[in-house]
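>>> Need the 3D shape of this:
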Amino acid sequence: MGSKESEQNKTRFFSMRRSTLAMAGLAVALLIALLVTGLIVRSNERKQLDPDFLPRYTNIWSIYGDDRVRFVTLIFPAPDDSSEVVNVAGPLVPDQAAVEDVRAIGGEILTGEYPLGPGHDSTNFYGLYTVEREELLKGYGIDVLAQRSPYVTVDETDPAMRELALGAQLPGVYKQVIVAVAFPRGTEIVETAGEEPIHEEQIGGWQVYYYDASHFEGSETIRVTYLPDTASSPRELDPWRVDSKR
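Take a look at the predicted model:
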């Protein structure tokens, strides 16, 4: 009898010990995961604010299956730039009514106007927004959702096909200029022309193509012929996450 009780006690002891060790292992794994996540976040923040690449900006184009275009620009100024109020330009639109939504990032829009585009873009307009920055040490920008975008055209030979055409933007004073073009993951990319992406990422329901426009010349463009994915409606891209993977 005593021997049986002793064996049962041993079994309970080892069972409890295994449970304790398993819980301890789980806690350690969770702690490591949290530490790694924290390191990644801090690494991304350092990468975004690396003075070797400042000032810089990232333009993010999300091309929806219904031909709407979401344009986000994230601007990271030089460390000594203390401007509290800045002007930020949006994408070309056929008219102001085409703009469904516009929001500031890292600040507040004080005023907005829609002058004619420059040069050969003078048949369209673009938003010019005055933004008051919230935190001088972080990035800022605008987020514009528009329909009837002049950047997206219907293929003349096949009305189901679309072509995206983005002109080059000279870097000027910026040390790094990144253009990210995102399509819903069900989009069929038929052909690309002009500049080629330097890499691509899957982020949420989007396929994101990255272009380094830091050394683009005035005549260079990004052209993509594609068959839209009209069935899916992925959630909005997180621009900070897109920028961190540039």
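
>>> For the helix or strand hosting residue 226, which residues meet the burial criterion?
Element membership of residue 226 [criterion: DSSP states H and E] is strand 221-227. By 16 or more other CB atoms under 10 Å, the buried positions in strand 221-227 come out as 222, 224, 225, 226, 227. For glycine as for every other residue, the C-beta is placed from the backbone atoms N, C-alpha and C.

>>> try stretch 107-116
Neighbour counts using 16+ other CB under 10 Å place 107, 112, 114 of stretch 107-116 among the buried residues.

>>> who touches it?
85, 93, 95-96, 102-103, 122, 124-134, 140, 142 (CB atoms under 8 Å, 6 or more residues apart in numbering).

>>> Quickly list the domain ranges of this structure.
According to automatic domain parsing, the chain comprises the domains 1-48, 51-244.

>>> How about the secondary structure of residue 229?
Following DSSP: H, G, I helix; E, B strand; the rest coil, residue 229 is assigned to coil.

>>> Name all residues that make contact with the residue nearest to it when sequence neighbours are not counted.
If you skip the residues right next to it in sequence, residue 229 has residue 186 as its closest partner in space, 3.4 Å away by CB to CB, 6 or more residues apart in numbering. For residue 186, the residues meeting the contact criterion (CB under 8 Å, 6+ apart) are 65, 229, 231, 232.

>>> okay, now the last one: neighbour count?
What that stands for is residue 232. The number of residues packed near residue 232 is 14, by other CB atoms under 10 Å.

>>> So it is in contact with residue 64, correct?
No - applying CB atoms under 8 Å, one finds residue 232 not in contact with residue 64, separated by 9.5 Å.

>>> Mutual contacts of the two, please.
Common neighbours of residue 232 and residue 64 (criterion: CB under 8 Å, 6+ apart): residue 184.

>>> now the contacts of residue 186: which count as buried?
65, 229.

>>> could you dump the contacts of residue 186 to CSV with distance to residue 190 and pLDDT?
Putting the contacts of residue 186 into CSV (distance: CB to CB, whole Å; pLDDT from 0 to 100) gives the following:
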residue, distance to residue 190, pLDDT
65, 15, 96
229, 13, 94
231, 18, 92
232, 18, 88
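
>>> Columns distance to residue 203 on top of the contacts of residue 186, output as JSON lines?
As requested, the contacts of residue 186 are exported to JSON lines (distance: CB to CB, whole Å):
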{"residue": "65", "distance to residue 203": "17"}
{"residue": "229", "distance to residue 203": "15"}
{"residue": "231", "distance to residue 203": "19"}
{"residue": "232", "distance to residue 203": "14"}
